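K.L.:
3D, please:
(2 chains)
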Amino acid sequence: QKEVEQNSGPLSVPEGAIASLNCTYSDRVSQSFFWYRQYSGKSPELIMSIYSNGDKEDGRFTAQLNKASQYVSLLIRDSQPSDSATYLCAVNGDNAGNMLTFGGGTRLMVKP
Amino acid sequence: SQTIHQWPATLVQPVGSPLSLECTVEGTSNPNLYWYRQAAGRGLQLLFYSVGIGQISSEVPQNLSASRPQDRQFILSSKKLLLSDSGFYLCAWSQSTFEQPQHFGDGTRLSIL
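P.N.:
Coordinates of the predicted model:
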């Protein structure tokens, strides 16, 4: 069974710090990886996609992928209180329906 | 650009009543469509997905069903709701090409009394 593991948190960081969110996955054939942000009571919002080993930066967000270690992470620089949310890691295996396996999410709290 | 509409936003239903939740996507054709449920404080549970009109795959056996009567319309139904059907129901879509992300609607919060 395909699994995606995340520490449920909460991860608490002070405002302005770097928040580091981690995710491991079990299916070696996984090809694409996504990070979603979900505010309390709202639906998940796609914030990052990564397909190749290495780093991908978008504004204050950096996604890192290491397929050999089956590990994907999300770094949030200069964390703001508005970044407080649950972050979901999602993995797309080799399937035609683009079905995703989601981790349980990490709750991030950024304290002013 | 593509948009996804899901309604209603909130629904309160008695046990044993029927259910119909609707989701439509605009700005794309032949999308993959998905229904998820998220219980309070829990992760996302995939209920159904569809890769085309009339094609429905069920991930979890239960008293819910799904239909796709048109290319960009996805409907979640139940004939008789159970207390355990309470939750946050999310519709999502993706492009039909490989390795595409899913994009979620705003969700329906369903409470069963």
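
K.L.:
CA only for contacts and neighbour counts going forward, please
P.N.:
Fine.

K.L.:
immediately after the least confident helix or strand in chain B by mean pLDDT, which helix or strand?
P.N.:
Least confident helix or strand, chain B: strand B:55-58 with a mean of 91, by mean pLDDT, DSSP states H and E. Counting by DSSP states H and E, the element after strand B:55-58 in chain order, helix or strand, is strand B:64-70.

K.L.:
what is the helix or strand following that next one packed up against?
P.N.:
Per DSSP H and E, the first helix or strand lying C-terminal to strand B:64-70 is strand B:73-78. In terms of contacts (3 or more Cα pairs under 8 Å, 6 or more residues apart in numbering or on different chains; DSSP states H and E), strand B:73-78 is packed against strand B:19-26, strand B:64-70.

K.L.:
how far is strand B:73-78 from where the chain is centred?
P.N.:
Computed by Cα atoms, centre = their mean, to the nearest Å, the chain-centroid distance of strand B:73-78 equals 6 Å.

K.L.:
only alpha carbons, please: show the helix or strand following it as CSV.
P.N.:
Note on strand B:73-78: by DSSP H and E, the next helix or strand toward the C-terminus is strand B:87-94. Output in CSV follows, covering the C-alpha atoms of strand B:87-94 (Å, rounded to 0.1, in the frame of the first residue of the first chain):
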residue,chain,number,x,y,z
GLY,B,87,-17.7,15.7,7.1
PHE,B,88,-16.1,18.1,4.7
TYR,B,89,-16.7,17.0,1.1
LEU,B,90,-14.3,18.2,-1.5
CYS,B,91,-14.5,18.0,-5.3
ALA,B,92,-11.2,18.3,-7.2
TRP,B,93,-10.1,18.2,-10.9
SER,B,94,-6.9,17.6,-12.8
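
K.L.:
what average pLDDT does strand B:87-94 get?
P.N.:
Here strand B:87-94 scores 97 as its mean pLDDT.
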